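Undergrad: what would the 3D arrangement of this be:
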Amino acid sequence: MNWLLARYSVSADPLFSERRVELAALILTALLSLLFLYSLARLVFLSEPDPIALSAEALQASELAAVTRVDEGQREEVRSRPVFWQTRRPPDAPAKVASEQPKAAVGAIAKVKLLGVIGAGESAGVISLVDGKRKRTYLGQEILGWKLDSVDLDRAVFSHSGKQHELKLGHASGADSGKIQYKNSNNGALR
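TA: Residues are numbered from 1 along each chain as shown. Below you'll find the predicted structure:
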């Protein structure tokens, strides 16, 4: 034991660092060896838990009820009822509302403010302020019953029952307008 103390009690600097690393490695190896021996002893000496035997009831299969034929009325009832909700029935079909467009007044389109122009060609459109909300409208679509017929660099033309109304886009400086104009061809049908 004295030789072990003498080996690791060196105070000179190069040997002192080497001896400390060697001592740490030796202690770690000893701990790992003890852990290995403990695990090996547990495997050898400890037994596994006793298995639990199954009851006789678990080994018997119960009889299945005879399958009956489902008639057409029952089939339709199952199809019409939503899945997993026995008391619920499908909603009644909504009453058909007449697709009559509300009559557009000239005053309604006058409340619309043109904010910008988007797109080009047949995909041209406008960004407008309708009832305080921004809305994108493309050629052939409607705002308050007025159909967007054409888009220019600084204006948009809407039509309703033969009447036309032009909305202009305000500019900070004089922009060159009128050179490019996109019109709704094919009477509102977009390609």
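Undergrad: use CA for all of it now, contacts and neighbours both
TA: Noted.
Undergrad: if I've got this straight, residue 150 is in a strand?
TA: Yes: counting by DSSP: H, G, I helix; E, B strand; the rest coil, residue 150 is located in a strand.
Undergrad: what's the span of stretch 52-61, first residue to last?
TA: Terminal residues of stretch 52-61 lie 20 Å apart, using CA to CA, to the nearest Å.
Undergrad: contacts for that stretch?
TA: Taking CA atoms under 8 Å, 6 or more residues apart in numbering as the criterion, no residue outside stretch 52-61 touches it.
Undergrad: per-residue confidence averaged over that stretch?
TA: For stretch 52-61, mean pLDDT is 83.
Undergrad: again with stretch 137-150
TA: Average pLDDT, stretch 137-150: 89.
Undergrad: what residues sit buried inside that stretch?
TA: For stretch 137-150, burial by neighbour count (16 or more other CA atoms under 10 Å) applies to 137-141, 143-150.
Undergrad: biggest separation within these, which pair?
TA: 144 and 150 (16.4 Å; CA to CA).
Undergrad: for residue 137, helix, strand, or coil?
TA: From three-state DSSP, the assignment for residue 137 is strand.
Undergrad: so it touches residue 129, yeah?
TA: No: judged on CA atoms under 8 Å, residue 137 makes no contact with residue 129 at a distance of 10.6 Å.
Undergrad: of the buried residues of stretch 137-150, closest to residue 78?
TA: residue 141 (42.6 Å).
Undergrad: for the helix or strand containing residue 38, name the packing helices and strands.
TA: Here residue 38 sits within helix 13-45, counting by DSSP states H and E. Applying 3 or more CA pairs under 8 Å, 6 or more residues apart in numbering; DSSP states H and E, we find helix 13-45 packed against helix 2-8.
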